[in-house]
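[1] give me a 3D structure for the following:
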Amino acid sequence: MLKPLRSLALLPLLLATPALADGRSDWTDYAWQQIKLSQCASNGSIIACPLYHQKWDWKRDQWIDLAISYDLSQGQLQLSQRLTNRAPTDDDYVCVTALAVDSAGRNILVHHQNWHMDPGQVAEKAFAYASPDLADIAAIHIGSKQCRRGAGQDDALYESVLAGIRR
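    Residues are numbered from 1 along each chain as shown. The predicted structure is shown next:
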């Protein structure tokens, strides 16, 4: 009786397949949120998604805001990223990553930024990405974390995920 039960317990491990090209599993210690395309508002060829609003350090007043829209007629995904450090004495490196995936979970676009934020600093930057597969986006995964190892943390991983998309 125990042998069949043990075999059944191992069945999910035997049937497990490696992750698709959805690189979320490669990024360590990120707090991820998913925005499905169905959650975004469409105005003709422009699609605007809900704002990502997340702390990068749970015990301090330090925030990441990321607005996402995409223009199907121009084939561009636009990200507007704002970091606000209201902590009076704490500086940090902050990593923000976004992955646009198709319905099968394969990466279509990847965005990664490692910011250094001084106490009291507010930083904002806009990014635009083009892809012939923009219409295939089913969801956008946004992740952020405090990058304790400093500048350049996860940059090599970003390049690896990007290279996987370019194939």
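
[2] is residue 55 bridged to anything, and to what?
    Bridge pairing for residue 55 (DSSP bridges) gives the partners residue 63.

[3] tell me the confidence at it?
    On pLDDT, residue 55 comes in at 93.

[4] can you check residue 14 too?
    Residue 14 is given a pLDDT of 33.

[5] all the helices of the chain, in order from the start?
    Applying DSSP state H to the chain gives helices spanning 2-15, 155-166.

[6] not counting the last one itself, show me its contacts.
    Helix 155-166 has contacts (C-beta atoms under 8 Å, 6 or more residues apart in numbering) with 21, 23, 26-27, 97, 99, 107-110, 112, 114. Backbone N, C-alpha and C define where each C-beta goes, glycine included.

[7] now these in TSV, with neighbour count?
    Formatted as TSV, those follow (neighbours: other C-beta atoms under 10 Å):
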residue	neighbour count
21	17
23	23
26	16
27	20
97	24
99	27
107	20
108	21
109	20
110	22
112	18
114	18
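
[8] with those in mind, which one is nearest to residue 129?
    Distance to residue 129 across the contacts of helix 155-166 (C-beta to C-beta) is lowest for residue 109, with 5.0 Å.

[9] what pLDDT is listed against residue 8?
    So, for residue 8, pLDDT stands at 35.

[10] sorry, that was for residue 150
    92.

[11] cool, residue 167 as well?
    60.

[12] likewise for residue 43?
    So, for residue 43, pLDDT stands at 89.

[13] shouldn't residue 124 be in contact with residue 84?
    No - if you go by C-beta atoms under 8 Å, residue 124 and residue 84 don't touch, sitting 9.1 Å apart.

[14] more neighbours: those two, which one.
    residue 84 (17 against 10; other C-beta atoms under 10 Å).

[15] residues touching that one, list them.
    62-63, 65, 122.

[16] do the same with residue 86
    Neighbours of residue 86 in contact, by C-beta under 8 Å, 6+ apart: 60-63, 120.

[17] buried subset of these as a PyMOL selection?
    In PyMOL, a selection of the buried entries from the contacts of residue 86 looks like this (16 or more other C-beta atoms under 10 Å):
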select buried, resi 60+62+63
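
[18] pipe the contacts of helix 155-166 into CSV and attach distance to residue 134 and pLDDT per row.
    Converted to CSV, those look like this (distance: C-beta to C-beta, whole Å; pLDDT from 0 to 100):
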residue, distance to residue 134, pLDDT
21, 17, 45
23, 18, 62
26, 22, 78
27, 22, 89
97, 19, 96
99, 14, 94
107, 13, 92
108, 7, 92
109, 8, 93
110, 14, 94
112, 19, 96
114, 25, 95
